[in-house]
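Asker: attaching a predicted model along with its sequence, questions to come.
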Amino acid sequence: MGKKALVTGVTGQDGAYLAALLLSKGYEVHGLVRPSSTKSTERLSAYLDKITLHYGDLSDGGVITRLLQNIQPDEIYNLAAQSHVHISFDMAEYTGNVDGLGVTRLLETIRSLNLIDKVKFYQASTSELFGKTQISPQNENTPFAPCSPYAAAKLYAYWMVRNYRDTYGLFACNGILFNHESPLRGENFVTRKVTQFAADIARGQKKTLALGNLEARRDWGHAEDFVRGMWLMLQADEADDYVLATGQTHTVRYLVETAFKQIDISIDWIGAALDEKGVNSRTGETLIEISKDHFRPAEVDLLRGDSSKARQKLGWEKKYDFETLIKEMVEADLGREITPEETRVNLRAV
């Protein structure tokens, strides 16, 4: 019989790709779903009959205890989080409760149920831990400098994972993942906002998109590549922490230009600072505007990861480049949505 895996945050982008990967490898997959996320299971539409869903929240220790006691999983992938950096400034307490204390509840439940020697634990960490660091690229030894409630909560979780590994011997890994996207990305993230907007323009809609810092640079990869790295971490002989990244950065400005290139529109930039606009080079129509409301209270300008350790110790490599990623996202938003059967094919080799 195959291994049992519990995936928290299973209805999210990473959860869907990870569930597909685990199923392809013969796992019995269980997913934790918040009651408010029940309408978001469309990402799992091709696999709902193969996954056992459980309802609960990382803020409820009782639910976590019953879940682990009943399932007795071999592997736990904690992907659940309030994962939007900008929103975390408005929901700092909630973000800390779920992204920080929620991880502690999982770890302490593993210990109290005497599952230390049975369970392997993966924690979805983040490149936002590096924040304002002046060192680039960032690797596992780069000092952390979090610049948001989200990053601060994730930093607490990072160190709790390290403590349970060092103190109790739990096989626990932090995956310090840089930005990763896909056609399954939520609509409140800038990559999906841009690709969805480009698709709307291609369909003839007359509208503009407000953005913030066009010069912010991010190391954007594909979620399919990154969940494969999560799995590899828990198959290693020893637990450790790993950075997953492409090693290449692109600006938000280039993201916009790349997305519109897919629909044969070139963007010209006119003006400066908050008065800058992105216009259709052929028609002069304003497509992009800058709004101070879309700047973070504490801006992180540059994040670029060094995945040398993951490549050397895990054999992890990325398959997607940035342009292919954005092309895939625009095509999905244009209405060529991935059908359940196509999803099965696309995710089979994650």
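Answerer: Received, thanks.
Asker: CA atoms for contacts and neighbours, from now on please.
Answerer: Fine.
Asker: helices or strands next to the longest helix seen in the chain in the packing?
Answerer: Criterion DSSP state H: the longest helix present in the chain is helix 149-168. When contacts are defined as 3 or more CA pairs under 8 Å, 6 or more residues apart in numbering; DSSP states H and E, helix 149-168 sits against helix 85-90, helix 92-95, helix 102-112, strand 120-126, strand 171-177.
Asker: what residues does it touch?
Answerer: 82-85, 88-89, 92, 95-96, 99-101, 103-104, 107, 116, 123, 125-126, 128-129, 131, 146, 170-174, 239 (CA atoms under 8 Å, 6 or more residues apart in numbering).
Asker: please state the offset of it from the chain centre?
Answerer: 18 Å (CA atoms, centre = their mean, to the nearest Å).
Asker: okay, the angle between that helix and helix 102-112?
Answerer: Helix 149-168 and helix 102-112 are oriented at 20 degrees to each other (axes from the mean of the first three to the mean of the last three CA atoms, to 10 degrees).
Asker: any idea of the mean pLDDT for helix 149-168?
Answerer: The pLDDT scores in helix 149-168 average 97.
Asker: may I see the buried residues of that helix?
Answerer: Within helix 149-168, the residues that qualify as buried are 149-158, 160-162, 164-165, counting by 16 or more other CA atoms under 10 Å.
Asker: farthest pair in those?
Answerer: Using CA to CA, the buried residues of helix 149-168 reach their maximum pairwise distance at 149 and 165, which is 24.5 Å.
Asker: ok so, going back, so which of the helices and strands packed on helix 149-168 gets nearest residue 74?
Answerer: Of the helices and strands packed on helix 149-168, nearest to residue 74 by CA to CA is strand 120-126, at 6.2 Å.
Asker: if we can go back for a sec, list just the nearest of the buried residues of helix 149-168 to residue 332.
Answerer: Closest to residue 332, out of all of the buried residues of helix 149-168 and judged by CA to CA, is residue 150, at 29.0 Å.
Asker: how much space between the closest one and residue 243?
Answerer: Separation of residue 150 from residue 243 (CA to CA, to the nearest Å): 18 Å.
Asker: residue 260 now?
Answerer: From residue 260 across to residue 243, the span is 31 Å (CA to CA).
Asker: same check, this time on residue 289
Answerer: Applying CA to CA to residue 289 and residue 243 gives a distance of 34 Å.
Asker: show me which of the two is the more surrounded one.
Answerer: residue 243 (25 against 16; other CA atoms under 10 Å).
Asker: show me the contacts for the nearest residue to the more buried one once chain neighbours are set aside.
Answerer: Closest residue to residue 243 apart from its sequence neighbours, by CA to CA, 6 or more residues apart in numbering: residue 176 at 4.6 Å. Residue 176 sits next to 124-127, 241-244 when contact means CA under 8 Å, 6+ apart.
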